[in-house]
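Visitor: Fold the stuff below for me.
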Amino acid sequence: MRALIQRVKYAKVTVNNEIVGSIGSGLCVFVGVTHTDDTEKSRKLAKKITNLRIFDDSEGVMNLSPLETDSEILVVSQFTLYGDTSRGNRPSWIAAARPEQAEPLIEDVVQTLLEAGLKVSTGVFQAYMEVELLNDGPSTVILEI
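Guide: Down below sits the predicted model:
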C-alpha cells in the first residue's frame, strides 16, 4: 500500500457537486492499493498514520501524532499512486489493484483509524472526486507499506 499524506488546515471531497467528506485541521490521506496488499498491510498503514509524528509540539518540532492533537483524517482512495511512467509518458495502471480487492482494504484502513479514536471522513470509492485542501506548511509524507 502507498499513502500520500498531507497536513492540512482543511480538506473536502466533492462528488457531483455535493460535499461527501470534509475535515478541519488534520491529514488528507490519499491511499493506493496494489495486488500484493492484504488486511495486514492495511492495518499496518492505519497504525502508521495514527502514530505519525507530523504535527508541531510547543517548540515547533514535528513531534506529535494525530491522536495527540485531536486531528481529523480525510481518506481518499487513489489508484493513481501506482501509476508507472518508466516506459513512456502515459502512465500505466497495471500495478493498481482491481476495485474488488482495493475497496475492502481502503475500508479496513478507515475502520482501523476509527477504532484508534480518530475522526475520519472519506471520499467515494471509484467516483470522480474533486479534492480541495489547504496545505498546512511543508508537510507531505509518502508511506509505503
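Visitor: Look up phi and psi at residue 92.
Guide: Dihedral pair for residue 92: phi -100, psi 140, per degrees, to the nearest 10.
Visitor: So in this structure, which helix runs the longest?
Guide: The residue-count maximum for a helix in the chain (DSSP state H) belongs to helix 99-115.
Visitor: Now do it, average pLDDT.
Guide: Per-residue pLDDT over helix 99-115 has a mean of 98.
Visitor: What helices and strands are in contact with that helix?
Guide: helix 39-51, strand 72-77, strand 119-122 (3 or more CB pairs under 8 Å, 6 or more residues apart in numbering; DSSP states H and E). In this view, the C-beta of every residue, glycine as well, is placed from N, C-alpha and C.
Visitor: how many other residues sit next to residue 11?
Guide: Residue 11 sits with 26 neighbouring residues when counted by other CB atoms under 10 Å.
Visitor: Then residue 32?
Guide: Neighbours of residue 32 (other CB under 10 Å): 22.
Visitor: just to revisit the earlier point, let me have the helices and strands packed on helix 99-115 in TSV, adding mean neighbour count as columns.
Guide: Shown next, in TSV, are the helices and strands packed on helix 99-115 (neighbours: other CB atoms under 10 Å):
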stretch	mean neighbour count
helix 39-51	18
strand 72-77	24
strand 119-122	20
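Visitor: Per-residue pLDDT of residue 138, please?
Guide: Reported pLDDT for residue 138: 83.
Visitor: check contacts around it.
Guide: Residues near residue 138 by CB atoms under 8 Å, 6 or more residues apart in numbering: none.
Visitor: which other residues reach stretch 11-27?
Guide: 5-10, 28, 49, 52, 54, 66, 71-74, 76, 119, 121-124, 127-134, 136.
Visitor: now the end-to-end length of it.
Guide: 8 Å (CA to CA, to the nearest Å).
Visitor: do stretch 106-126 as well
Guide: 12 Å.
Visitor: What residues of that stretch count as buried?
Guide: 106, 108-110, 112-113, 116, 118, 120-124 (16 or more other CB atoms under 10 Å).
Visitor: Would you mind giving these as CSV with distance to residue 90 added?
Guide: Listed next are the buried residues of stretch 106-126 as CSV, based on distance: CB to CB, whole Å:
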residue, distance to residue 90
106, 25
108, 31
109, 29
110, 31
112, 35
113, 34
116, 39
118, 37
120, 34
121, 32
122, 29
123, 25
124, 26
